[in-house]
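Trainee: Please find the sequence and the predicted model below.
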There are 2 protein chains.
Amino acid sequence: MNAVFYHAGCPVCVEAEQQLAKSLDPTRYSVEVVHLGTDSSRLLEAESMGVKSVPALVLDGTVFHINHGADLSALKA
Amino acid sequence: MNAVFYHAGCPVCVEAEQQLAKSLDPTRYSVEVVHLGTDSSRLLEAESMGVKSVPALVLDGTVFHINHGADLSALKA
C-alpha cells in the first residue's frame, strides 16, 4: 500500500477523497482510506507519518495536507 | 484542461508537483502546470478559481490547497 488517505468524515475530507484521492493513477497507486474518527487505533501511525491535520494523503511516505478539515489533536480522546 | 497545478517554484511546490500532480490518472486528467511567480498574468485567474496559496491543484473546478508554500498575496507585485 503506497498511498494512504487519512480523513475524519468531515465535508472537506469527503470532497478531497472523492475528487483527489480517487483521481490518482490506479496503475501506480492503491489508495487505502482510513477514517481516524472511527479508527482511532491508526492515530499514532498517522502522527508518526507526519500527519498534522485531515484530510491528508500520504504518497510513498510524503505527507500532503489537503485543505483543512480538522487538526489531528482534535481527534484524540 | 480539467486539472491545473498552480505553484511558485518553492520547495514545497516542487515536491507537490513531482509527487502529487504527476500521480493523477493520465487517462482522466491532463495537468497544466502554471508558475505564478513567472507568469503573473495568471494570478487573477487563480484568484478567481479560489486559490488562496500555492501549491494548489484545481480539479474540475474544485481547489485543493496542498501543504503551504506561499500565500497568493505574497506573489502580487
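Mentor: Arrived safely.
Trainee: Please make it C-alpha for all contacts and neighbour counts, starting now.
Mentor: OK.
Trainee: and residue A:12, what does it touch?
Mentor: Neighbour list for residue A:12: A:55, A:67-69 [criterion: Cα atoms under 8 Å, 6 or more residues apart in numbering or on different chains].
Trainee: With residue A:56 instead?
Mentor: By Cα under 8 Å, 6+ apart, the contact list for residue A:56 reads A:5-7, A:63-66.
Trainee: and which of the contacts of residue A:12 is nearest to chain B?
Mentor: Nearest to chain B among the contacts of residue A:12, counting by Cα to the nearest Cα, is residue A:67 at 4.9 Å.
Trainee: Please enumerate the strands of chain A.
Mentor: Assigned by DSSP state E, the strands in chain A fall at A:3-7, A:31-35, A:53-59, A:62-71.
Trainee: Packing partners of the first one?
Mentor: Counting by 3 or more Cα pairs under 8 Å, 6 or more residues apart in numbering or on different chains; DSSP states H and E, the packing neighbours recorded for strand A:3-7 are helix A:11-19, strand A:31-35, strand A:53-59.
Trainee: I'd like the contacts of residue A:12 as a markdown table, with distance to residue B:24 and pLDDT appended.
Mentor: Formatted as a markdown table, those follow (distance: Cα to Cα, whole Å; pLDDT from 0 to 100):
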| residue | distance to residue B:24 | pLDDT |
| --- | --- | --- |
| A:55 | 17 | 97 |
| A:67 | 18 | 96 |
| A:68 | 21 | 95 |
| A:69 | 22 | 95 |
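Trainee: and the strands of chain A, which is most packed in?
Mentor: Of the strands of chain A, the one with the most neighbours on average (mean count of other Cα atoms under 10 Å in any protein chain shown) is strand A:53-59, at a mean of 25.
Trainee: how far off strand A:31-35 does it point, in degrees?
Mentor: Here strand A:53-59 points in a direction 160 degrees away from that of strand A:31-35 (axes from the mean of the first three to the mean of the last three Cα atoms, to 10 degrees).
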